[in-house]
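# What would the 3D arrangement of this be:
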Amino acid sequence: MRGPAAPKDPVDKRPCLYVVLDKTISGTKEKDGVNRDYVYLEGRLIDQVRFTSGDIDEEILNMLPRMETFRKLVHSVGVSVKAEDPEDREKTLEFQFQCYGKTDKYTTGTIMEMTCPCTGEEMVLPVDAYPVNEDDDNFGSFNFIFPEENKNVTLTIKFYLNDGYEVPEIQVDPPVQFDSDDYKKMIANSLVSTGNNYRLKKVIERAKKGEPVTIAYIGGSITQGAGGKPINTMCYAYHSYEAFCNLFSPCGGDNVSYVKAGVGGTSSEFGMVRYDRDVKKDGEIKPDLVVIEYAVNDEGDETEGVSFESLVLKVLQAENKPAVLLNFAVFMSDWNLQKRLQPIGERYELPMVSVKDAVTPQFEKSNIITKRQFFYDIYHPTNDGHRIMGDCIAHLFEAVDKEEMAAEDISLDKEPVYGIQFKDIVRFDRKDAEQFAEITPHGYEAVDTEIQYVERDMDLTASPEFPDNWMNDGTTENAEFSMKITCKNLVAVIKDSGSSEFGTADIYVDEKIVKSINPLDNGWAHCNAQVLIDEKESGSHEVVFRMKSGDEGKKFTILGFGVTK
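A predicted model of the protein is given here:
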């Protein structure tokens, strides 16, 4: 094949920052029927670029998050997507780079967009093609609209820099050698303890006999499967479930049931409230093994360990005596709360796995897997990262299988590490509230449908958390939600939001303000659990939600409650 007689001069290559490098994304059908995926940037963009591109000058990094300085730094945005299935490479997807607005977060900022072929060809979007918008604030997300559901593509995004800015070129990482001895040693480092193996050995024995066994997973977004593409089969939960089936089921896993109950952006404070419904399906399911993962979510737990320990005891005290396995995930910053949570596992002699202990030491030394390969973003694992998490749990399964069974079961009659006063907490919402309290929902008669949705179990379609809620839609003068209840403990589950239509509510217990909650503090629609009452003895209380002065015409949603009598 002959080339052109007079080829064009090459175009000078601009220096670039890699924001995303060879990451897998996949379209998931949302409520409106459109298949989407996202890479979230708000509060994450600097760290995302730092960890993808390496050692970058802080002055350059600090220009990235806001449109005003971004325009000075960035010439254009390069995007390349390559479909995993060769038959899909003739298709296209829609790319959007969304800047949040000052007036209204989701509607008044600039959205830069273009169509990208799925061949791997890079498309370049010039920043100056979009006029200056005085309402632009900070960057929120990369958005992707897919022609079909559940179609994987490999994504790379670069920021090409304007003249006068220089950054070093990144080094491409070699593939992970999953079958190497070094990899196996890394996985072995994840084993914190097999604990008292009595309960887990019982589960394994039953599985080997072909008896019905249920494995359940509860945690945050990592347990939900965030970063795994597709989220249902590439998450660590499914990987470890599949390993359990391969190791112990004589019938290909037909006797082993699977429950996945991860909810993004939520802590064990919310987990203990929703456990009975999301994991046990209101009594329909009695899990035999429950894997709990909150080591990277519980920084926001106001009880500082009490909620986690209460959840552990809530599971352990069940009549069928399930096994509990603690799973300590890790962020890209090498941070987790293992030091807080591990003493709980030690107190109750639980098997424990630490992904942090496995991967963090080798990031700077052997590089069996690099941070770019392990992390999808600064919080969540890639498909490779999820596989490693699953392999860590599978290694514990194998280790326990080789051990002799403990002589007797664990004892739950122990002094708590932090506290267990929420262990008997029961969830209620609008649907069954009359069984628990006397409620007057003046102005809170509406139902909020714009709430958090999550993919459960093997589902690719997300379903709502707390759809039976109470919403103040801002139309009732002097709206006030009041509740008379007898209890020791009360936890309210509030909807956080990114919409400026929502405002702050003051919460009174027995005429004293105990909390002022602003749904905008966290900036996105998800569930936020807050302790309102924590007493040693049960008593009668009146709980009132009132909009703060100045926010009377704004919205506020109470998703539900958790109560101990």
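
# Now the most centrally placed residue in the chain. Its backbone dihedrals?
The centroid of the chain falls nearest to Ser221 when counting by CA atoms, centre = their mean (1.5 Å). Dihedral pair for Ser221: phi -70, psi -30, per degrees, to the nearest 10.

# Find the helix or strand that Gln362 is a member of.
helix 355-363 (DSSP states H and E).

# list the buried ones in that helix?
Val355, Lys356, Asp357, Ala358, Val359, Thr360, Gln362 (16 or more other CB atoms under 10 Å). Just so you know, the C-beta spots here come from the backbone N, C-alpha and C atoms, and that holds for glycine as well.

# quick one: contacts of that helix?
Identification of contacts with helix 355-363 by CB atoms under 8 Å, 6 or more residues apart in numbering yields 186-187, 189-190, 192, 295, 327-330, 334, 336, 338, 368-371, 374, 388-389, 392.

# Looking at the residues you listed, which are in strands?
Among those, the members falling in strands (DSSP state E) are Val192, Asn327, Phe328.

# just the buried members of those residues?
Val192, Asn327, Phe328.

# Which member of those residues is positioned nearest Glu90?
Ranked by distance to Glu90 (CB to CB), those are led by Asn327 at 41.1 Å.

# so how far is Thr223 from the closest residue to that closest one other than its chain neighbours?
Closest residue in space to Asn327, ignoring its immediate chain neighbours: Glu293 at 4.3 Å, by CB to CB, 6 or more residues apart in numbering. From Glu293 across to Thr223, the span is 5 Å (CB to CB, to the nearest Å).

# what is in contact with those two at once?
Joint contacts of Glu293 and Thr223 (CB under 8 Å, 6+ apart) are Tyr217, Gly262.

# one step back: okay if I get the buried residues of helix 355-363 as CSV plus pLDDT?
Putting the buried residues of helix 355-363 into CSV (pLDDT from 0 to 100) gives the following:
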residue, pLDDT
Val355, 98
Lys356, 98
Asp357, 98
Ala358, 98
Val359, 97
Thr360, 96
Gln362, 95
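
# now, which of those residues sits nearest Asn197?
Asp357 (19.5 Å).

# you'd agree Val273 is in a helix?
Yes: using DSSP: H, G, I helix; E, B strand; the rest coil, the secondary structure at Val273 is a helix.

# Please identify the helix or strand for the closest residue to it other than its chain neighbours.
Of all residues not flanking Val273 in the chain, Gly562 sits nearest, at 3.5 Å (CB to CB, 6+ apart). If you go by DSSP H and E, Gly562 is part of strand 556-564.

# Just checking: what are the partner strands of that strand?
Note on strand 556-564: by DSSP bridges, its sheet partners are strand 426-428 (antiparallel), strand 470-472 (antiparallel), strand 480-496 (antiparallel).

# ok, which stretches of this protein are helices?
Here the chain has its helices, by DSSP state H, at 45-53, 58-61, 67-73, 181-188, 198-208, 221-224, 236-248, 268-278, 306-316, 338-347, 355-363, 371-374, 383-402.

# For Cys116, find the nearest of those helices.
Comparing the helices of the chain against Cys116 with CB to CB, the closest turns out to be helix 45-53 (19.0 Å).

# May I have the closest one as PDB, with CA atoms only?
The C-alpha trace of helix 45-53 is given here as PDB (Å, rounded to 0.1, in the frame of the first residue of the first chain):
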ATOM      1  CA  LEU A  45     -10.700  16.500  39.700                       C
ATOM      2  CA  ILE A  46      -7.300  17.500  41.100                       C
ATOM      3  CA  ASP A  47      -6.800  14.100  42.800                       C
ATOM      4  CA  GLN A  48      -8.000  12.300  39.700                       C
ATOM      5  CA  VAL A  49      -5.500  14.100  37.500                       C
ATOM      6  CA  ARG A  50      -2.700  13.800  40.100                       C
ATOM      7  CA  PHE A  51      -3.000  10.100  40.400                       C
ATOM      8  CA  THR A  52      -3.500   9.400  36.700                       C
ATOM      9  CA  SER A  53      -0.800  11.800  35.400                       C
END
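
# Check which helices and strands that helix sits against.
In terms of contacts (3 or more CB pairs under 8 Å, 6 or more residues apart in numbering; DSSP states H and E), helix 45-53 is packed against strand 16-26, helix 58-61, helix 371-374.

# Can you give me the buried ones in that helix?
Buried-residue list, helix 45-53, by 16+ other CB under 10 Å: Leu45, Ile46, Asp47, Gln48, Val49, Arg50, Phe51, Thr52, Ser53.

# Stretch 75-92 now?
75-83, 88-89, 91-92.

# Filter these down to the ones in strands?
Using DSSP E, the buried residues of stretch 75-92 in strands are His75, Ser76, Val77, Gly78, Val79, Ser80, Val81, Lys82, Ala83, Thr92.

# Am I right that the fourth one is in contact with Pro126?
Read it as Gly78. No: in this structure Gly78 lies outside contact range of Pro126 using CB atoms under 8 Å: 10.6 Å.

# most tightly surrounded among the strands paired with strand 556-564?
strand 470-472 (a mean of 25; mean count of other CB atoms under 10 Å).

# who's in contact with it?
Everything outside strand 470-472 that qualifies as a contact, by CB under 8 Å, 6+ apart, is 430, 441, 443-448, 479, 481, 505, 545, 547, 555-558.

# Just the buried residues out of the residues you listed, in PyMOL syntax.
Listed next is the PyMOL selection for buried residues among the contacts of strand 470-472, using 16+ other CB under 10 Å:
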select buried, resi 430+441+443+444+446+448+479+481+505+545+547+555+556+557+558
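
# and the closest residue in space to Arg14 that isn't next to it in sequence, what are its bridge partners?
The shortest distance from Arg14 to any non-neighbouring residue, by CB to CB, 6+ apart, is to Tyr160 (4.3 Å). Judged by DSSP bridges, the bridge partners of Tyr160 are Cys16, Ser76.

# Wait, Tyr160 touches Leu73, no?
No: Tyr160 is beyond contact range of Leu73, at 10.1 Å (criterion: CB under 8 Å).

# what sits against the nearest residue to Leu41 once chain neighbours are set aside?
The shortest distance from Leu41 to any non-neighbouring residue, by CB to CB, 6+ apart, is to Phe139 (4.7 Å). Phe139 is in contact with Leu41, Glu42, Leu45, Leu64, Pro65, Arg66, Met67, Phe70, Phe97, Gln98, Cys99, Tyr100, counting by CB under 8 Å, 6+ apart.

# List the residues that contact the last one.
Counting by CB under 8 Å, 6+ apart, Tyr100 makes contact with Glu42, Tyr106, Gly109, Asp137, Asn138, Phe139, Gly140.

# next one: Asn469
Asp429, Arg430, Val447, Asp448, Ile451, Lys495, Thr557, Ile558, Leu559, Gly560.

# so what pLDDT did the fourth one get?
The predicted local confidence for Asp448 comes out at a pLDDT of 98.

# If you count neighbours, what's buried in stretch 172-187?
Val176, Tyr183, Met186, Ile187.

# cool, and stretch 159-171?
Phe159, Tyr160, Leu161, Tyr165, Val167, Ile170.

# cool, and stretch 394-409?
Ala394, His395, Leu396, Phe397, Val400, Asp401, Ala406.

# and the closest residue to the last one other than its chain neighbours, what does it touch?
Distances taken as CB to CB, 6+ apart put Tyr198 closest to Ala406, at 4.2 Å, once the chain neighbours are dropped. For Tyr198, the contacting residues are Met405, Ala406, Ala407, Glu408, Asp409, Ile410, by CB under 8 Å, 6+ apart.

# Among the residues you listed, which one lies nearest to Leu17?
Ile410 (51.0 Å).

# ok so, going back, can you put the contacts of Tyr198 in a markdown table and add distance to Asn133 and pLDDT?
Converted to a markdown table, those look like this (distance: CB to CB, whole Å; pLDDT from 0 to 100):
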| residue | distance to Asn133 | pLDDT |
| --- | --- | --- |
| Met405 | 66 | 97 |
| Ala406 | 65 | 98 |
| Ala407 | 70 | 97 |
| Glu408 | 68 | 97 |
| Asp409 | 64 | 98 |
| Ile410 | 60 | 97 |
